[in-house]
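**Student:** Just to be clear, the model below is a prediction. Sequence and coordinates:
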Amino acid sequence: MQAVIFVALCVIAQIYAETTTSKPHHQHNHEANELDPALFYYDGQTHRLVMKLGNNCYIERITSHQGIDVHTEDGLRAAESKLMLWVARGTKTPMSHDDVLKLSQHVEHMCAGASVYTVSAVHHHHTTTMSTEI
């Protein structure tokens, strides 16, 4: 009787192994997929545009002219593009979460757990010196 049970278990194990073994897949060299989503938020009360990118939040003050434009699709895209440019090339100044909370509860909620920076355009200062020699 034990031999029959043993043989039955071996047959079941063999059937299970054949049905769960996957066929070898062909090796394909695919370019890796990348996802770097940026999330934008315009806070109309404080006139700030916020971009959350990964573990960082970037905040820009919107001018009164831009404040009108951000309510159109093209104007909002232009402001978002400028913010991305300033993040890449501009000046980034760290901001505490206490200061963000004083600014806006909505912005703090969006930036919770992230490092926060205010951004502005970089200003290049050129100094010219004149030589007294001729």
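**Tutor:** Great, that's in hand.

**Student:** ok, which stretches of the chain are strands?
**Tutor:** Listed in chain order, the strands of the chain (DSSP state E) span 38-43, 48-53, 56-61, 91-95, 115-120.

**Student:** wait, which of these is closest to A79?
**Tutor:** strand 48-53 (5.5 Å; CB to CB). Placement of C-beta: from N, CA and C, glycine included.

**Student:** Please look at N56 and A114 and confirm they touch.
**Tutor:** Yes - between N56 and A114 there is a contact under CB atoms under 8 Å: 5.7 Å.

**Student:** Please name the residues that touch D98.
**Tutor:** D98 makes no contacts at all, as judged by CB atoms under 8 Å, 6 or more residues apart in numbering.

**Student:** any idea how far it lies from I59?
**Tutor:** 14 Å (CB to CB, to the nearest Å).

**Student:** repeat for R48
**Tutor:** Distance of R48 to I59, given as CB to CB: 5 Å.

**Student:** Now do the shared contacts for those two.
**Tutor:** Jointly contacting R48 and I59 under the rule CB under 8 Å, 6+ apart are L103, V107.

**Student:** Which one of the two is surrounded by more residues?
**Tutor:** Remark: of R48 and I59, I59 carries more neighbours, 25 against 19, as counted by other CB atoms under 10 Å.

**Student:** beta partners of that one?
**Tutor:** Beta-bridge pairing of I59 under DSSP bridges involves V50, T118.

**Student:** Just list the residues touching it, thanks.
**Tutor:** R48, L49, V50, M95, V100, L103, V107, C111, V116, Y117, T118, V119.

**Student:** One more pass at 6 Å, please.
**Tutor:** R48, V50, T118 (CB atoms under 6 Å, 6 or more residues apart in numbering).

**Student:** Relative to Q66, which of those residues is nearest.
**Tutor:** Distances from Q66 to the contacts of I59, taken as CB to CB, are shortest for R48 (11.1 Å).

**Student:** And the closest one, how far from H106?
**Tutor:** 10 Å.

**Student:** cool, and A38?
**Tutor:** Per CB to CB, A38 is found 17 Å from H106.
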